[in-house]
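> this is the structure alone, sequence omitted:
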C-alpha cells in the first residue's frame, strides 16, 4: 500500500467541486482510496461561521463560566453555544466540551476548528460527512471510495490521530467474524475499522499547518476478500465509556495516581 | 509513504531473534520504520501460558461469575486471574474486563490473546514492549526505528485498530506546538501520535488470521522537521474517561438512547 499527497489543491471556496479538483490533478487507479480532510469539505460546503452569529443561551454561559474558572482563561460563551448547536449529546462539559455531533462522531468542541479558516472565525464540521464523501466520489471518473477525515484525541492515549467522519464506496470495517487463525482457533479480532486506519495512515503523510496537504491517495488498498460492515459510531447501549461519562462530574480534588 | 509486509517470517519460537529474522528478509533503507505485531514478540519472549498455571482468587471468581451471569456463558475464573495479574488497574469489571497493563496500555482482558497461540492456551502481551522494540532494533543493521503493536477497540467507535504498545528509535508523537497554519493562527492539533498512526496503517496491510503477516515495513516515513515527544499513555489526572470509569458500575437496566 502506498500513500501520497495530491499536490496543488488550491485554497477551497464555497461551492468548489473537490472531486473535480482531485480528478484534474491525479490519475486514480482501481484500489485507490481518496482521503480528504474535512476542513476543505467544510469550506466547500460553506460551513464557516462567525461567532458573532451565535447568541449564547444560559447553558452556554454557564459552561463557559465553569471552564473559564478552571482554566483561568476567559472562555467565549458564543463558542460554547456553537458547540451545543452542533451536538446531539454533550458527554463532558468541564474542563472542556466533548460531545457527539449530528453524524455520530464524538469530539472536543464538536470538532469546531479555529485554525486554517482564513477570514472566518470558526469552521464547523461537515453536517453529513458520508453524504459529502458521496458527492466527492460522484466527480471521480472511476468512482473510487472516498473517506472524509478529521484529527481527534482519544481516551487512555496522548495525542491526536486521523479518524474517519464519513465514507462512501467502501465499508467502514473489515469483518473477520467466523475466520480462523493458523491453529484453527476463531479470531479474537473480528471487526477492523479500516476507514479509521486509512485516516490515520493519511494523517502521517498529510502533515499539519501551512505545509499540510488536505487530499491523500491510498493506493493498492486491500479492499477485497472479506465481508464489510458499515457502522462506525457506537450505540450508547454498547458504549460503556459514554454511559460512565453521563454520570461523571469534574472533581474538585485531583484524583489519586 | 509505502507499507509492505516482510514475507516469509517463520512461526516464532522462544528466544528467536526477530530482528535478525527481519534483517535476513528485507533490505531496510533510511526512513524505514519496522512495525512488529506483539504476538510474535510475545512468542519470542515465551509469554505463552497455560490457564492451568493460574489459581483464581476470590476477586477473579467474583468477576468471572458476574460476567458469566450477564453473558449467559460460563467464564473461566483462571482467565480473570491472568488478567488481574497482568494489570495495574482494572477500569471495567463487567460486562468485560478492561484494564491498564504494566506498560500503560489500556485493553480488554489486558491484551491477553487466545487465538494464534499454537499449543499454549493464552498469550500474554510483552511485559515491556518498548524494551522489546529496542531489542529488535539492536539486530537491525542500520538501527531503524521499531514499533511493537496490538489491535485494540476504543470508546465511541466500533471496530478495532492497530495501536502501538512500545517503540524505540523514534518519538511517540510529532509535536506541532507553536507552529502556525497558512493564515497565521496557531495550530489546533498540536500533538500527533505518529506511532499509533503507523500501527493503524500497518494493520491495513498485515491482515488477520492464517494469512496475516506480522512484520510490516513503513518506507519513506516523514520523520524529520518537527519536535517529538515520548509519552503515549495518559496520566489519570488528565484522563477524564478513566476517572469516570472508576465511578461507574454496569447498570441493571439498559441506558436510554
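Sure thing, it's come through. All of these numbers come straight from a predicted model, not from anything done at the bench.

> please count neighbours and contacts with C-alpha atoms only from this point.
OK.

> now do the helices in the stretch 1-150 of chain A.
Ranges of helices within the stretch 1-150 of chain A are A:18-23, A:38-44, A:58-71, A:77-85, A:129-138, based on DSSP state H, counting those that start in this stretch.

> just send these back as JSON lines, with mean neighbour count too.
Converted to JSON lines, the helices of the stretch 1-150 of chain A look like this (neighbours: other C-alpha atoms under 10 Å in any protein chain shown):
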{"stretch": "helix A:18-23", "mean neighbour count": "20"}
{"stretch": "helix A:38-44", "mean neighbour count": "24"}
{"stretch": "helix A:58-71", "mean neighbour count": "17"}
{"stretch": "helix A:77-85", "mean neighbour count": "22"}
{"stretch": "helix A:129-138", "mean neighbour count": "21"}
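
> can you redo the ones you listed as CSV with mean pLDDT and distance to chain B?
As requested, the helices of the stretch 1-150 of chain A are exported to CSV (pLDDT from 0 to 100; distance: least, C-alpha to the nearest C-alpha, whole Å):
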stretch, mean pLDDT, distance to chain B
helix A:18-23, 98, 19
helix A:38-44, 96, 12
helix A:58-71, 93, 13
helix A:77-85, 96, 15
helix A:129-138, 98, 15
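
> quick one: closest of those helices to residue B:166.
Residue B:166 lies closest to helix A:38-44 among the helices of the stretch 1-150 of chain A, at 30.4 Å (C-alpha to C-alpha).

> what residues does the closest residue to residue A:87 other than its chain neighbours make contact with?
Nearest in space to residue A:87, with sequence neighbours left out and distances taken as C-alpha to C-alpha, 6 or more residues apart in numbering or on different chains, is residue A:101 at 4.3 Å. The contact partners of residue A:101, by C-alpha atoms under 8 Å, 6 or more residues apart in numbering or on different chains, come to A:86-89, A:107, A:110.

> chain center to stretch A:64-71: distance?
How far stretch A:64-71 lies from its chain's middle: 26 Å, per C-alpha atoms, centre = their mean, to the nearest Å.

> out of the contacts of residue A:101, list just those in strands.
Members of the contacts of residue A:101 lying in strands (criterion: DSSP state E): A:87-89, A:107.

> ok, of those, which come out buried?
Buried subset of the ones in strands among the contacts of residue A:101 (neighbour count, 16 or more other C-alpha atoms under 10 Å in any protein chain shown): A:87-89, A:107.

> adding pLDDT and distance to residue A:199, write those out as a markdown table.
A markdown table is the format used below for these (pLDDT from 0 to 100; distance: C-alpha to C-alpha, whole Å):
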| residue | pLDDT | distance to residue A:199 |
| --- | --- | --- |
| A:87 | 97 | 23 |
| A:88 | 96 | 24 |
| A:89 | 94 | 24 |
| A:107 | 95 | 15 |
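
> make TSV from those residues and add distance to residue B:6 to it.
Conversion of those to TSV gives the following (distance: C-alpha to C-alpha, whole Å):
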residue	distance to residue B:6
A:87	44
A:88	45
A:89	45
A:107	36
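
> chain B: which of those is nearest?
Distances from chain B to those, taken as C-alpha to the nearest C-alpha, are shortest for residue A:107 (9.6 Å).

> the closest one bridge partners, please.
For residue A:107, the beta-bridge partners are residue A:99 (DSSP bridges).

> that one contacts residue A:91, correct?
No: using C-alpha atoms under 8 Å, residue A:107 makes no contact with residue A:91, being 9.5 Å away.
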